[in-house]
Each structure stands twice: as C-alpha cells, then as structure tokens.
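Chemist: please find the sequence and the predicted model below.
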Amino acid sequence: MNIFASIKRLYHQFASPPYFYRISGLWLPYIMGLCALLFAYGLYSGLILAPTDYEQGEAYRIIFVHVPAAWMSMFIYMVMAVTGAIALVWRMKLAEIVMISCAPIGASFTFLALATGSIWGKPMWNTWWVWDARLTSELLLLFLYFGVMALYNAIEDRRTAARAVAILAIVGVVNIPIIHYSVEWWNTLHQGPTVTKFDKPSIHLSMLIPLLVMAVAFKLFFIGSLFMRVRTELLNREQKSKWVTALLESK
Amino acid sequence: MEALDFGKYNFYIWASYALTFLVLLWNITIPLLAKKKLIKDIKRRNYLANNGSNETESKNLNENTQ
C-alpha cells in the first residue's frame, strides 16, 4: 500500500513544473558528461579498434552512426506516443510538453538515419535511394514528425493543440512495426537485422560493442537534449508564475 | 592517422560522421538559443511591469511574445 502511495507521490512531484525544472537541471550535466565519454569511446572503438568487414570493407563503419540514429528515430516516436497517451488521459501538462519536445529531436534523428543510410547505400548498392519498404516507411516516419510539428503550430491554444497532436502521434505508431519488420516481410535491398535477432546476433563482438556504446550515447544525448527543450518550454508556459519570477530574479 | 584512412570509402564514412556531428550540434544549440531569448524576453517584460512604464508599451511587448 505504501509503495503505491509513494509512486503516486513521485508521479505528482515529477509532474510539478518547478520540481522537474530543478531536478532536470541537476541531472543534465551528468547525463551530457557521460554521453560525451561514451561518444568518445564509441568513436575510438568503432573507427580504430573494430576490424575491417570481410564483405563490406571499411564502408560498414557507417553502421555505428546509422543504426543508433535509426533506433532513436523509432524510440523517440514511441516516447512521443506514450507521453501523448498520458497527456490525453490525465491531461498532464508536463506530458504534453515532453511529447511536443520529442518531435524535432526525433525528426533530426530520422533525417540522420535516412541521410547516413543513403551515403552508405551509394558504395554498397550503387544507388543513393530505392523505394523499398524499409526506406519508404522510414521516410514516412520523417513526414509523421513534420506533421506533428505542423499540427501543433497550426492550433492557437497550446492545450488543444497538444490533444490533437497526441491523437496523431498515437495513430502513427502503426508505422513503427512496419519499419522494424519491413526487412523480413518484404524482399528488399536493405540488409536484414544483425543485432535484434532472437537466436544470436550475427555480428562479431568487436563490432557489436562499439555499436551498443554508440546506441547508449545516442540515448543519453536524446534525454539531455529533451530535458533542455522541456525546461525552456516549462519556463515559457509558466512565465507568469511565482517560481519562474523567483528563479529569474535570483540569477 | 593511418588508422583513420579508409581508402576509397573515406568520403562516405567521413560524410556520415560529419552529418552526425552537425545533427547533434543542432540539437544542442537550438534549445540553448531559445532559452536565452526566452529569459531575455521574460526579464524585459517583468522589468517594464515593475517599473511603471506606460501601458501601451508593455501591452505591445506582451503581444509580441505570445
């Protein structure tokens, strides 16, 4: 019983803008610091330690930025949809802000996944682009992010806008499994999964480690960048409240 | 630096990593600039409100920050 009470208390604490602003400000330097360390190690092990691939030569090294970016593009979309659902059901202001702050970050990672994939495709497939299932569904994801941002900006009232965006974000979730399974459901130029296979990843440890380190670095970066955006939007929405006035006066 | 020479794939690899760097940089600078501008705007508005400036000026400013 007490556990439920403390979870509920924690939930309300985190939903409170001044509390979230303070705590996220304390965490931010550690998140970004750890992220920088992981990036440094990921780059070192990916570009220098990892051996040359027997099939793709050196070109495969694009995997260390392409795959984490693509994972993030889908992960951020799920965060956006889940916080959208929370915003719809509980009308929680912080959830609305997190949801809408996800969109530009997610769009940038989707763009990065598409662009690095294209650059990787040129030497491997001899083409920058093909309209196959994986590439097309990932492009659709980019348009979904753009749609979310455009819809949010098209509606004057922030709370109404957030509700409309939440519905769009939730409906768009249908695209995520399509992206993930596209390389299995359809015959495509894009190579199959090498890490998320049920039996055993078909990638050597010396390549898997830098890939996973980079993936964690990307994830931390997303959290840090999200915190930065959420904190600014909190200040914006609460600019007439006492805590913001007190905060700015103390500076 | 020999280890960082990827032969005929140099362009493709370094273009990918450069793009990644730019996307990360964008994701840091945009929120930083937005926060700086917002704090400046709020401070200016609070200053005008506290220092009995004329009504029309602070009204205009409010409209601009919406």
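Modeler: All right, it came through fine.
Chemist: so what's the spatially closest residue to residue A:133 that is not a sequence neighbour up against?
Modeler: Once flanking residues are discounted, residue A:133 sits nearest to residue A:182: 3.8 Å by C-beta to C-beta, 6 or more residues apart in numbering or on different chains. To be clear about C-beta, it is placed using only N, CA and C from the backbone, and glycine gets the same treatment. Counting by C-beta atoms under 8 Å, 6 or more residues apart in numbering or on different chains, residue A:182 makes contact with A:132-134, A:137, A:188, A:190.
Chemist: please point out which parts of the helix or strand harbouring residue A:182 sit buried.
Modeler: Secondary structure from DSSP states H and E places residue A:182 in helix A:175-185. If you call a residue buried by 16 or more other C-beta atoms under 10 Å in any protein chain shown, then helix A:175-185 has these buried ones: A:175-176, A:178-180, A:182-183.
Chemist: could those residues go into a markdown table alongside pLDDT?
Modeler: As requested, the buried residues of helix A:175-185 are exported to a markdown table (pLDDT from 0 to 100):
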| residue | pLDDT |
| --- | --- |
| A:175 | 92 |
| A:176 | 92 |
| A:178 | 91 |
| A:179 | 90 |
| A:180 | 88 |
| A:182 | 86 |
| A:183 | 83 |
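Chemist: from these, which is closest to chain B?
Modeler: Nearest to chain B out of these is residue A:179 (C-beta to the nearest C-beta; 19.1 Å).
Chemist: residue A:203 is in what secondary structure piece?
Modeler: Per DSSP H and E, there is no helix or strand for residue A:203.
Chemist: residues contacting it?
Modeler: Residue A:203 sits next to A:194-195, A:211 when contact means C-beta under 8 Å, 6+ apart.
Chemist: could you pull out the helices in the chain for me?
Modeler: By default, I'm working from chain A. Assigned by DSSP state H, the helices in chain A fall at A:2-15, A:17-44, A:63-90, A:93-125, A:133-154, A:158-172, A:175-185, A:205-237, A:242-250.
Chemist: look at chain B instead
Modeler: Using DSSP H, helices in chain B cover B:10-50, B:55-65.
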